[in-house]
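1. Pasting the sequence and the predicted coordinates here, then a few questions.
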Amino acid sequence: MSAPVLLVIAHGSRDPRHAATVHALTARVRSLRPGLRVETGFLDFNAPSVPRVLERLAAQGAGDVIALPLLLTRAFHAKSDIPTVLHEARTGLPRLRIRQAEVLGPSPLLNSALERRLYEAGIRPGDRSSTGLVLASAGSTDPEAIAVIAEIARELRHTGWCAVRPAFASATSPAGFPRTEDAVQALRAEGVRRVAVAPYVIAPGRLPDRIAAGAAGADVLADVLGASLELARLLLTRYDEARVPLARPASLSA
């Protein structure tokens, strides 16, 4: 039995850097697992769309597809948009068996990717005790997504940073997370000697640019997670986790 196709579902953006980063990430996934068919579909702005990819796979005789949301938290897109698109595809393409994988976060691999970007931006391990960290995510009004970001900030605080503050690039959340620039200023007001901003986002675009603008008062601005090795490994981890139920009936009948 051939392995299920991995369909990476990205949000899409008018910013060409977004799609370029997504494609670089999927190329890295292919390099880690040669022979695995990896496709990319977008919800908006970019081609090919998710329905078009699924139609093409069905026409080519594909059987199983694991649809993996390229999302860091379970918010609106993971709970509503993507399930709706996949439900419509299952209805219109009944021979195509589609399983939705879990979102990427939270995961220790994401924390490792975040730290890699900070080190690349100039942070050294010995700097943590005198550096305040702003964990800047895109933002959400979903309570589950907000709780995940808050928990990641708490986890990072226990790794040696003198302070960690979550922040949102979009409007202030119901949890009261500040904007990036306000979090930077708050750390300065508390007497933190050095401030670093770590974008907890995958690809460049409008909101990451807003994070960068808000980090103007910081000493260090890390890059987005991008096509990091850790992120590519995490995609394969989520793929394998979703693949287990597909393989179970065959193993039981053996």
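-> Everything's here; your move.
2. can you give me the strands in this structure?
-> With DSSP state E, the ranges of strands along the chain come out as 5-10, 38-42, 64-69, 97-100, 131-137, 163-168, 194-199, 220-221.
3. Quickly compare those and say which is most buried.
-> strand 131-137 (a mean of 29; mean count of other C-beta atoms under 10 Å). Every residue, glycine included, has its C-beta placed from N, CA and C.
4. Only the C-alpha atoms, please, for that one, written as CSV.
-> Provided in CSV are the C-alpha atoms of strand 131-137 (Å, rounded to 0.1, in the frame of the first residue of the first chain):
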residue,chain,number,x,y,z
THR,A,131,17.3,39.5,28.3
GLY,A,132,13.6,39.9,28.3
LEU,A,133,11.8,38.0,25.5
VAL,A,134,8.6,39.1,23.7
LEU,A,135,6.9,36.1,22.2
ALA,A,136,5.0,37.9,19.3
SER,A,137,2.3,35.8,17.6
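5. For it, give the mean pLDDT please.
-> Computed over strand 131-137, the mean pLDDT rounds to 97.
6. before we move on, what about stretch 146-164?
-> On average, stretch 146-164 scores 95.
7. ok, which stretches of the stretch 101-250 of the chain are helices?
-> In the stretch 101-250 of the chain, the helices defined using DSSP state H, counting those that start in this stretch lie at 108-120, 143-157, 180-189, 206-214, 229-253.
8. What are the buried residues along the second one?
-> Judged by neighbour count using 16 or more other C-beta atoms under 10 Å, the buried positions of helix 143-157 are Ala145, Ile146, Val148, Ile149, Ile152, Ala153, Leu156.
9. And for the first one?
-> Buried residues in helix 108-120, counting neighbours by 16+ other C-beta under 10 Å, are found at Leu109, Leu110, Asn111, Ala113, Leu114, Glu115, Arg116, Arg117, Leu118.
10. hang on, the earlier thing: of all the strands of the chain, which one is nearest Glu181?
-> Nearest of those to Glu181, taken as C-beta to C-beta: strand 163-168 at 8.4 Å.
11. Contact partners for Ala10?
-> By C-beta atoms under 8 Å, 6 or more residues apart in numbering, the contact list for Ala10 reads His18, Ala19, Val22, Thr40, Gly41, Phe42, Leu43, Asn46, Leu70, Ala203.
12. Of all pairs in the residues you listed, which one is the farthest apart?
-> Gly41 and Ala203 (14.8 Å).
13. Is it possible to get a markdown table of the buried residues of helix 108-120 that adds distance to Leu231?
-> Converted to a markdown table, the buried residues of helix 108-120 look like this (distance: C-beta to C-beta, whole Å):
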| residue | distance to Leu231 |
| --- | --- |
| Leu109 | 7 |
| Leu110 | 7 |
| Asn111 | 11 |
| Ala113 | 5 |
| Leu114 | 10 |
| Glu115 | 13 |
| Arg116 | 10 |
| Arg117 | 11 |
| Leu118 | 15 |
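14. could you dump the helices of the stretch 101-250 of the chain to JSON lines with distance to Arg30?
-> Converted to JSON lines, the helices of the stretch 101-250 of the chain look like this (distance: least, C-beta to C-beta, whole Å):
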{"stretch": "helix 108-120", "distance to Arg30": "18"}
{"stretch": "helix 143-157", "distance to Arg30": "28"}
{"stretch": "helix 180-189", "distance to Arg30": "34"}
{"stretch": "helix 206-214", "distance to Arg30": "25"}
{"stretch": "helix 229-253", "distance to Arg30": "9"}
